[in-house]
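Peer 1: give me coordinates for this.
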Amino acid sequence: MVSGGRMRVRGTDGERGSAMLIVLMMVAMLGVLTLTLVTLSVNNLTGARRTHEAGMALNAADAGLTQAVAYLRGSGVRALTCSPNCDGIGGRASNPWGNSNAPKTVTLPGAGGKSFNVWVELVASPSASDAGLYRIHSKGVAGSLGGRWVTEDVMVTPKKFPMGIFGKSIDGGGNVGVHYQSMFTTGCVYKRSHIAFSGPDLLNNLPAASMHSSQIITEDNGSAEYCSTTKNKDIHDGKYCNTAFRYDQDKLGGPLAGTPCQGDGGAYPQTSLIASDQDLFTKYNLTSPPLTAPQLDQLKTVAMSQGNYWTGTSGWTNPDEADAVMYFDLLKTNPGGTVNLNSITGFARASGLSATDPGCGSKSLVIIVDGGDVTMNSNQNLTASLFVLGNTPYGNVNKINGGAQFIGTLYANIINLKGGADLHMDECFKANLSPSLFDIETSNYREVDR
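Peer 2: So this is what the prediction gives:
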């Protein structure tokens, strides 16, 4: 119908209802789509936040592992021997790195509320000669959605260096007492009867502390690395068993079966022979030089970080660290210089202490003299691991006398013992070997909650 020049189309009531229904359906569909998009966006944002916080929590957990390993490298493991019961309750020791019930908690800087809870578990105890195994447990926390658990194993292995007194020749011209450790040399031993051993060898698990040379042990005078046989002065001259020195071994020795020198039931010693340098090294797990170049570099780095690195024999200061490393690098600037160990203080104690004796403090000292010599006398009392390095004519202990007491291990070229001195080893020293003399190796990283 045409009215006023306009045409109107009139639909039925059913047509009008269908159009309304279509409009309502479209509105509903748009609402569903909008709600779906909003839900997906919220879920994506929540998932992204959870992923971000989980990543931050894992990073925090890894930070706990890193700091625990750094502690082991710098402070060693002696404070962890009480693991896992290191809660300070009932007379038990306190563990500076916590336990399973009370881990060490550290809050990390920055936004996000990041922190970690970490503790170190003792799996197998180390010793001065055997490796130990520790397991680090770390939980990282970030935000409000929980945390991440990780673990890592740490093998703590003592560096392979002579455990005892080692020299390329040993002169026992004075009256020297060596207690609970043995002496080893690739050269000659002079004036053997002037060196008195007592007790078992604590470091090498031998029934008696004793002398072991791949050259000759003699009563003759001298200091050179090599010597010829001297009739009636060499302890094994024409006899493999010398009951005065029944545990001693050198290149003139031989089988002890059926002699008074043989151990009970055929036990140690079965021979008084050391056939060669390699035989000596193999029998007693020795090395010469005592430390590798990378190991020396590590020790030098520690000494530098502590302010204990010097290139001369004067003007140095006494270390005050609990685990000090002193490094005298003399070869270029002061070759042949002599370091007087009498000037070192703060590392004296009584000898013969157990690991749990109240007088057994948790301190250690490593002294490295590279390219020079050392001397110690005048009743000095010193506990240390001493390495006097360098090719001849350097690397010598010029004297340890005057009533000096030395507790620890010693490596040098010529060891001159012309004077009254006592060289000791005890369980306290074994329990407090410097952390710088252990190698730290990590393995078996695991995300426990995966």
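Peer 1: going forward, measure contacts between C-alpha atoms and count neighbours the same way
Peer 2: Fine.
Peer 1: on the three-state scheme, Leu72 is what?
Peer 2: For Leu72, the assignment made with DSSP: H, G, I helix; E, B strand; the rest coil gives helix.
Peer 1: gap between it and Asn432?
Peer 2: Leu72 sits 13 Å away from Asn432, going by C-alpha to C-alpha, to the nearest Å.
Peer 1: quick one: common contacting residues for the two?
Peer 2: With C-alpha atoms under 8 Å, 6 or more residues apart in numbering applied, the contact sets of Leu72 and Asn432 do not overlap.
Peer 1: run a quick neighbour tally on Leu410.
Peer 2: As a burial measure, Leu410 scores 23 neighbours (other C-alpha atoms under 10 Å).
Peer 1: before we move on, what SS does it have?
Peer 2: Under three-state DSSP, the three-state class of Leu410 is strand.
Peer 1: list the contacts for it?
Peer 2: Listed by C-alpha under 8 Å, 6+ apart, the contact partners of Leu410 are Gly164, Ile165, Phe166, Ser385, Leu386, Phe387, Val388.
Peer 1: ok, Gly312 touching Thr338?
Peer 2: No: with contact defined as C-alpha atoms under 8 Å, Gly312 does not reach Thr338; the gap is 9.1 Å.
Peer 1: give me the more crowded residue out of the two.
Peer 2: The neighbour comparison of Gly312 against Thr338 (other C-alpha under 10 Å) goes to Thr338, with 22 against 19.
Peer 1: shaky segments in the stretch 101-250 of the chain?
Peer 2: 110-112, 127-129, 144-146 (pLDDT under 70).
Peer 1: what segments of it are helices?
Peer 2: In the stretch 101-250 of the chain, no segments count as helices under DSSP state H, counting those that start in this stretch.
Peer 1: for Gly64, which three-state class applies?
Peer 2: Going by three-state DSSP: Gly64 is helix.
Peer 1: and it, how many neighbours?
Peer 2: 28.
Peer 1: and it, what does it touch?
Peer 2: Residues in contact with Gly64 (C-alpha under 8 Å, 6+ apart) are Phe116, Asn117, Val118, Ser138, Lys139, Gly140.
Peer 1: same thing but at 6 Å, please
Peer 2: By C-alpha atoms under 6 Å, 6 or more residues apart in numbering, the residues touching Gly64 are Phe116, Val118, Ser138.
Peer 1: that one and Leu24: what is the separation?
Peer 2: In this view, Gly64 and Leu24 are 59 Å apart by C-alpha to C-alpha.
Peer 1: now do Thr218
Peer 2: Thr218 is 114 Å from Leu24, by C-alpha to C-alpha.
Peer 1: with neighbour numbers in mind, choose between these two.
Peer 2: Thr218 (25 against 12).
Peer 1: thinking that one is in contact with Lys233, fair?
Peer 2: Yes: the pair Thr218 / Lys233 is scored as a contact, 5.4 Å apart, by C-alpha atoms under 6 Å.
Peer 1: many thanks, we can stop here.
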